[in-house]
Structures are given as structure tokens and as C-alpha cells.
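Asks: just to be clear, the model below is a prediction. Sequence and coordinates:
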Amino acid sequence: HSVFSVSTASVDMSLRSLFILHPIGPARIAFDILTLIALCFDLLTVPVVVAWDLPTSLGWQRANLCIAVLWTLDVVLSMRTSFYNDKGIVEQSSIAITKRYFSRAFPIDGPLVAVDWFVVATMSNIGYRWARAVGALRVLKIVRILRIV
């Protein structure tokens, strides 16, 4: 063996760990700030849209597309973000992270992201109005964001 030889297993493990975010790392916190901004947008606009049945405009359509993309990306990143296990150790196993995400957060995130994409796909005033109202349930995401703070 030469000094520069590296086993395939160690390269595979290091590549996998490159795509795992630390739960309080700068990348995850920056993304969580973006989701907080999107959440505030939802909290401010949904009551207005529902109360006054506003027509959809190109600006609303673009905003909703951005929100749908953001929350979809949040699902992906959540499946790639490590967590602290019961012993206080950061769990970085992809399988453990995915299992935990699907058992805890996905039952909320999945339907909300589906509603966001429904809004983007339909953009009819009636469908938009009620879908955004259901999307207001995104308030549940505040719990996860507050856990970081």
C-alpha cells in the first residue's frame, strides 16, 4: 500500500457525511431563517387572501412557487440533517435520520407540501383561497424552528 491509498469504504462514508447537515450548523440555521421568513409571509398573507378573496396575480403565483420550492427543499434537507439522540450524541446515520424524519415530521410536512403544490398547480381563486387556508397550518413548523433558538 502507498501512503496515498484510501479504502473505498472510507471514501464512501466521507462522501455520505458531506451531505449530512449538523442540526445547529450554519447552513441549517441559515435555511431555517429562510423558512421562518416564508412562514411569516404565510401568516401575514393567508388571512388577507381568505378574508377578501383576492384574485391571483403573477406576483402571487411567483411567491407561491417560491414557497412550494422552499418547503420541498426543506423536506429534502430535513432528511439530511443529523439530530441529537437520547444520549445527547449527534446521530449522523442516513438511515436513522430518514426513519426519524418519516416518523416525526413527514406526517405534517408531506400534506403541507402537497397543498403548496396544489396551490401552484391550480391557482384558481376558490382552490387558491382554501388551499392557502389549509397551508396556514404551517404554523406547526414554528415548533421546530423555535427548538433551534
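Replies: Looks like it arrived, so ask away. Residues are numbered from 1 along each chain as shown.

Asks: can you tell me the element residue 42 falls in?
Replies: Assessed by DSSP states H and E, residue 42 sits inside helix 26-52.

Asks: hang on, I meant residue 120
Replies: helix 106-122.

Asks: same question for that helix, mean pLDDT?
Replies: Across helix 106-122, pLDDT averages out at 82.

Asks: could I have the CA atoms of that helix written out in CSV?
Replies: C-alpha atoms of helix 106-122 as CSV (Å, rounded to 0.1, in the frame of the first residue of the first chain):
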residue,chain,number,x,y,z
PHE,A,106,-43.2,14.0,7.5
PRO,A,107,-46.8,13.3,8.6
ILE,A,108,-47.1,17.1,8.9
ASP,A,109,-44.6,18.2,6.2
GLY,A,110,-45.9,15.8,3.4
PRO,A,111,-49.5,17.1,3.3
LEU,A,112,-48.5,20.7,3.7
VAL,A,113,-46.1,20.5,0.8
ALA,A,114,-48.8,18.7,-1.3
VAL,A,115,-51.1,21.6,-0.5
ASP,A,116,-48.4,24.1,-1.6
TRP,A,117,-48.0,22.3,-4.9
PHE,A,118,-51.8,22.1,-5.3
VAL,A,119,-51.9,25.9,-4.9
VAL,A,120,-49.2,26.3,-7.6
ALA,A,121,-50.9,23.8,-9.9
THR,A,122,-54.4,25.2,-9.7
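
Asks: just checking, what packs against it?
Replies: Contact here means 3 or more CB pairs under 8 Å, 6 or more residues apart in numbering; DSSP states H and E; on that basis helix 106-122 packs against helix 58-78, helix 125-135, helix 141-148. C-beta: built from backbone N, CA, C; applies to glycine.
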